[in-house]
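Participant: generate coordinates for the sequence data below:
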Amino acid sequence: MLEQAFESLKTYKWGVDPKGLKPIQDAVIATHGNAAARKELESKLAKVLATDVPRAAKDSVCRFLKTIGTAHSVPALAQLLHDAELSHMARHALQTIDAKEAATALVNAIDKAPKKIKIGLISSLGARGKDVPVGALANALGDKDPEISSAGALALGAIGSAESAKALGAAKVNDNNKAAVCDAMLQCAESMSAHGKKADAKTIYQKVLTLGPTKAAKMAAELGLKANA
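Facilitator: Prediction:
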């Protein structure tokens with residue numbers, strides 16, 4: 001049954017009954033706790049990504065690897081990151097794989113990526129959080145393109161670490177990225193506060209107030225200062 005499902009991937013397209021792929025989904029569940037069997041399944045799935053199967057098939061494989069992927073499948077997924085049709089699912093798989101190699105693949109793909117994909121990669125790094133070098137997001141924050149800069153700011157805010165807050169505090173803020181920077185700094189402050197670092201949270205809230213924030217951000221910063229007094 002499993003071999004038949006892999007054969008089905010060769011012609012699988014949108015609109016085709018997905019029941020043909022169910023044995024693969026069943027195998028994902030059945031191999032839980034069986035490292036050898038899961039590694040074999042992952043390897044077979046990763047190899048599919050290097051073939052000329054239809055987009056829908058590769059999309060499905062990325063979904064499976066999002067669940068069982070390890071460092072072993074990172075190279076195959078990384079090859080799709082600049083593909084306009086497949087980048088979305090590939091990066092979503094990489095942002096959940098618990099391996100430093102996955103974060104590195106996302107970072108390495110940023111520089112040569114088209115704008116839309118670049119913003120997606122930056123967002124995935126923020127969502128991932130773990131093993132993400134803040135320097136890469138700080139570089140995005142400093143980009144001249146306001147959308148890329150804002151994406152970098154929001155990714156740093158999603159991570160919410162002291163290092164992220166430092167990068168945001170050093171950012172060149174302008175009218176184009178100010179809202180995103182303020183929102184990101186507020187996220188960092190909330191993270192600091194939640195971890196009992198009231199002094200650090202206060203410093204960030206005070207910084208937000210110096211940026212000429214929106215009314216909502218100003219209110220949030222003032223409330224934050226009172227809560228951490």
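Participant: which strands or helices does the helix or strand hosting residue 67 pack on?
Facilitator: Assigned by DSSP states H and E, residue 67 belongs to helix 55-68. Counting contacts by 3 or more Cβ pairs under 8 Å, 6 or more residues apart in numbering; DSSP states H and E, helix 55-68 packs against helix 2-9, helix 22-30, helix 35-48, helix 87-94. C-beta: built from backbone N, CA, C; applies to glycine.
Participant: could you give the angle of that helix to helix 2-9?
Facilitator: Interaxial angle of helix 55-68 relative to helix 2-9 (axes from the mean of the first three to the mean of the last three Cα atoms, to 10 degrees): 130 degrees.
Participant: now the helices for the protein?
Facilitator: Applying DSSP state H to the chain gives helices spanning 2-9, 22-30, 35-48, 55-68, 74-78, 87-94, 100-110, 115-128, 134-141, 146-159, 162-169, 178-194, 198-210, 215-227.
Participant: which residues touch residue 24?
Facilitator: If you count contacts by Cβ atoms under 8 Å, 6 or more residues apart in numbering, residue 24 has them with 2, 5-6, 41, 45, 60, 64.
Participant: that one and residue 58, how far apart?
Facilitator: Taking Cβ to Cβ, to the nearest Å as the measure, residue 24 falls 13 Å from residue 58.
Participant: residue 27 too?
Facilitator: When distance is defined by Cβ to Cβ, residue 27 is 18 Å away from residue 58.
Participant: so the spatially most central residue of the chain versus residue 191, what's the distance?
Facilitator: Nearest to the mean C-alpha position of the chain, counting by Cα atoms, centre = their mean, stands residue 124 at 1.5 Å. Applying Cβ to Cβ, the value for residue 124 to residue 191 is 19 Å.
Participant: got it, and residue 26?
Facilitator: From residue 26 across to residue 191, the span is 40 Å (Cβ to Cβ).
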